[in-house]
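Student: Everything below, folded, please.
(chains A and B)
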Number of protein chains: 2
Amino acid sequence: MSPTQTAHLMDGTGTARRLVEESAGRAAELVRRTGSAPCLATVLVGEDPASVTYVRMKQARCAKAGIESRRVQLPAGTTTAELVAALRDLSQDASVHGILLQHPVGPHIDERAAFEAIAPEKDVDGVTMTSFGAMAFGLPGFVSCTPGGIMRLLDEYDVDVAGRHAVVVGRSAILGKPAGMLLLARDATVTYCHSRTADLSAYVREADIVVAAVGRPRLIRGEDIKPGAVVIDAGYNAGNVGDVDFDTAAERARLITPVPGGVGPMTIAVLLAQTVTAAYHQLGADLDRAIV
Amino acid sequence: MSPTQTAHLMDGTGTARRLVEESAGRAAELVRRTGSAPCLATVLVGEDPASVTYVRMKQARCAKAGIESRRVQLPAGTTTAELVAALRDLSQDASVHGILLQHPVGPHIDERAAFEAIAPEKDVDGVTMTSFGAMAFGLPGFVSCTPGGIMRLLDEYDVDVAGRHAVVVGRSAILGKPAGMLLLARDATVTYCHSRTADLSAYVREADIVVAAVGRPRLIRGEDIKPGAVVIDAGYNAGNVGDVDFDTAAERARLITPVPGGVGPMTIAVLLAQTVTAAYHQLGADLDRAIV
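Tutor: Now for the predicted structure:
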């Protein structure tokens, strides 16, 4: 690639649409076989406007894909014990196949305890420690949706990560950490950078694949992108700005995700796909194909 | 440090001895308080001579520390289902506080299924996915013994890993992967290298801390060690040879673990410490202090 050529965009919107269509087809097939549609329970604590919007959007996407959803709205003052009890009930409810606990749940709640109350077979958002272990060990299980979406995007663009150096910037439990584990399971050499990393630029400059997942606008500068690298921007900041300085990075990257329209749409698409898969498992229907 | 000065040795034998003494004191205190000693169940499938020796050694160390042990010897032809059943029984047996499944279990057994049959509160060897998730998320739980021993050694020698670049060579489920997660939880920038890594030397040369955990004799060459680095050799190969070329690495490292007498002795010491901690928890006794 010549220095003046700009990167190819990785089209998350189109890739997500195809994945949703595939999930809709599988959901319809499940209804034909069993009479039951997949059902996702969404659990929301309090009424944070952004969270309310996210949950509503997820339910709308479910509906379009032929996935039922059940909205569980709990008051802001819900205790950890009450939330755990609600999640345990859903875990035992045979009419619910997947459970999504909308993050964040508020500082007074032990979020980890809540996540762990989700049965692993219904953990379609990939937030339990069991799911994380499965990702890390390359075992069957549900993946965190955004990292799972990143892997699907890499596959869509035939990016072979084996033996390449992937630098993951960020180490959150639902994004950076699992993204690194999924890349490692695919034989990438993986470096985790974060807020305490000294000289972040030095690591980014060595990366064949950059995954930015830290939530700081334009933290990753184009001048640090290795020419020909693949740049995945999983950050989202106010004003449709990612963690990568897109314009300068696009001048050097071989492939890059835009914000919006890159990683973002993949998250819900993976959530829907995994919900359908969970329903197949729980309804005892043959699973035609792998998840994501 | 002048170029001709050699590294200080990290004394695993002495550090492990102190940890075992501490565990013995806590075990004795538990007996005084509750009338019960900690009990570790060791489960061995088949009669592989090395495994028989390891189990015997672990039991002998238990005995010296005032920890009871129960040896469960299963025939080589044991199936996965039989092994899982045995481990579930032990998980429910109130007189057993910790469970160790001696690795390897034989190729006909699904080792992961066996590990997952160990109740997390008795997983004193830190092999379950729940334990791995806890290590990764910085939550309370039992650590993999060898990585836990590495962290204890680093603490013993006041190595502050925050912000430093730790390169972990190897990605096994019980050594490389959890070691990296524990280092990341302590704010190191962590790179996982492995057999598919292109140009391992380039990564090692950038490392402030090297953890060699791959089982290939003298894979890490002294010429690649950054002057002043901390070198942890968790490899063990025939002939008392580690994964690091000790003589040349010691010329450049600030601190280095010998083989034998470095990481090796720490593994059993952490196993004993965690067994005592598990017993305190299960017997409802106050826990005086953190685990490792």
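Student: Check which residues of the least confident helix or strand in chain A by mean pLDDT are buried.
Tutor: Lowest by mean pLDDT, DSSP states H and E among the helices and strands of chain A is helix A:129-137, with a mean of 93. Buried residues in helix A:129-137, counted by 16 or more other CB atoms under 10 Å in any protein chain shown: A:129, A:130, A:131, A:132, A:133, A:134, A:135, A:136, A:137. All C-beta spots, glycine's among them, are computed from the backbone N, C-alpha and C.
Student: residues contacting the fifth one?
Tutor: This points to residue A:133. A:139, A:141, B:128, B:129, B:130, B:132, B:133 (CB atoms under 8 Å, 6 or more residues apart in numbering or on different chains).
Student: What is the nearest of those residues to residue A:26?
Tutor: When the contacts of residue A:133 are ranked by distance to residue A:26 (CB to CB), residue A:141 comes first, at 18.4 Å.
Student: neighbours of the closest residue to residue A:241 other than its chain neighbours, just the number please.
Tutor: Closest residue in space to residue A:241, ignoring its immediate chain neighbours: residue A:217 at 4.5 Å, by CB to CB, 6 or more residues apart in numbering or on different chains. The tally of other residues near residue A:217 (other CB atoms under 10 Å in any protein chain shown) stands at 15.
Student: Over to stretch A:211-224 now: how far is its first residue from its last?
Tutor: Stretch A:211-224 has its terminal residues 13 Å apart, counting by CA to CA, to the nearest Å.
Student: which residues sit against that stretch?
Tutor: A:146, A:150, A:166-170, A:172, A:175-176, A:179-180, A:183, A:194-195, A:200-201, A:204-205, A:210, A:231-239, A:241-245, A:247-252.
Student: any idea where the helices of the stretch 1-150 of chain A begin and end?
Tutor: Using DSSP state H, counting those that start in this stretch, the helices of the stretch 1-150 of chain A run over A:12-34, A:49-64, A:80-92, A:111-116, A:129-137, A:145-156.
Student: Now do the buried residues in the fourth one.
Tutor: Just to be clear, that refers to helix A:111-116. Neighbour-count burial for helix A:111-116, counted by 16+ other CB under 10 Å, picks out A:111, A:112, A:114, A:115, A:116.
Student: Keep the residues you listed, but drop any that are not near chain B.
Tutor: residue A:112 (CB under 8 Å from any CB of the partner chain).
Student: Adding pLDDT, write the buried residues of helix A:111-116 out as CSV.
Tutor: Shown next, in CSV, are those (pLDDT from 0 to 100):
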residue, pLDDT
A:111, 95
A:112, 94
A:114, 98
A:115, 97
A:116, 95
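Student: Among the buried residues of helix A:129-137, which one sits closest to residue B:22?
Tutor: residue A:129 (28.5 Å).
Student: Near chain B, which residues of chain A? Just list them.
Tutor: So far as CB under 8 Å from any CB goes, chain A lies against chain B at A:112, A:128-130, A:132-134, A:136-137, A:139, A:162-165, A:171, A:173, A:177, A:180, A:184, A:187, A:189-194, A:196-198, A:203.
Student: Turn the buried ones among these into a named ChimeraX selection, would you?
Tutor: Listed next is the ChimeraX selection for buried residues among the residues of chain A next to chain B, using 16+ other CB under 10 Å:
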select /A:112,128,129,130,132,133,134,136,137,163,164,165,171,173,177,180,184,187,189,190,191,192,193,194,197,203
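Student: In strands, which of the residues of chain A next to chain B fall?
Tutor: Using DSSP state E, the members of the residues of chain A next to chain B that fall in strands are A:165, A:189, A:190, A:191, A:192, A:193.
Student: Quick check: the farthest pair among these?
Tutor: A:189 and A:193 (13.5 Å).
Student: rewinding a little: so which of the helices of the stretch 1-150 of chain A is nearest residue A:272?
Tutor: helix A:12-34 (4.7 Å).
Student: Need the CA coordinates for the closest one. PDB is fine.
Tutor: Provided in PDB are the C-alpha atoms of helix A:12-34 (Å, rounded to 0.1, in the frame of the first residue of the first chain):
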ATOM      1  CA  GLY A  12     -19.600  -3.000  10.900                       C
ATOM      2  CA  THR A  13     -23.100  -1.800   9.800                       C
ATOM      3  CA  GLY A  14     -23.200  -4.200   6.900                       C
ATOM      4  CA  THR A  15     -21.500  -7.000   8.700                       C
ATOM      5  CA  ALA A  16     -23.900  -6.700  11.600                       C
ATOM      6  CA  ARG A  17     -26.900  -6.600   9.300                       C
ATOM      7  CA  ARG A  18     -25.900  -9.900   7.700                       C
ATOM      8  CA  LEU A  19     -25.400 -11.400  11.100                       C
ATOM      9  CA  VAL A  20     -28.800 -10.200  12.300                       C
ATOM     10  CA  GLU A  21     -30.400 -11.600   9.100                       C
ATOM     11  CA  GLU A  22     -28.800 -14.900   9.700                       C
ATOM     12  CA  SER A  23     -30.000 -14.900  13.300                       C
ATOM     13  CA  ALA A  24     -33.500 -14.000  12.200                       C
ATOM     14  CA  GLY A  25     -33.400 -17.000   9.900                       C
ATOM     15  CA  ARG A  26     -32.300 -19.300  12.600                       C
ATOM     16  CA  ALA A  27     -34.900 -17.900  15.000                       C
ATOM     17  CA  ALA A  28     -37.700 -18.600  12.500                       C
ATOM     18  CA  GLU A  29     -36.400 -22.100  11.900                       C
ATOM     19  CA  LEU A  30     -36.500 -22.700  15.700                       C
ATOM     20  CA  VAL A  31     -40.100 -21.600  15.800                       C
ATOM     21  CA  ARG A  32     -40.900 -24.000  12.900                       C
ATOM     22  CA  ARG A  33     -39.100 -26.800  14.800                       C
ATOM     23  CA  THR A  34     -40.200 -26.300  18.300                       C
END
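Student: list the helices and strands that helix packs on?
Tutor: helix A:49-64, helix A:145-156, helix A:264-282 (3 or more CB pairs under 8 Å, 6 or more residues apart in numbering or on different chains; DSSP states H and E).
Student: mind giving me TSV with the ones you listed and columns for distance to residue B:81, mean neighbour count and mean pLDDT?
Tutor: Formatted as TSV, those follow (distance: least, CB to CB, whole Å; neighbours: other CB atoms under 10 Å in any protein chain shown; pLDDT from 0 to 100):
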stretch	distance to residue B:81	mean neighbour count	mean pLDDT
helix A:49-64	38	15	96
helix A:145-156	31	24	98
helix A:264-282	21	25	97
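Student: Out of these, which gets nearest to residue B:266?
Tutor: The nearest among the helices and strands packed on helix A:12-34, by CB to CB, is helix A:145-156 at 32.7 Å.
Student: what does the closest one rub up against?
Tutor: Under CB under 8 Å, 6+ apart, the answer for helix A:145-156 is A:10, A:12, A:15-16, A:19, A:125-126, A:135, A:143, A:161, A:174-175, A:178-179, A:182-183, A:186, A:209, A:211, A:213, A:230, A:232, A:234, A:257, A:262-263, A:265-271, A:274, A:291-292.
Student: So which of the contacts of stretch A:211-224 are in helices?
Tutor: Applying DSSP state H to the contacts of stretch A:211-224, the entries found in helices are A:146, A:150, A:176, A:179-180, A:183, A:200-201, A:204-205, A:247-250.
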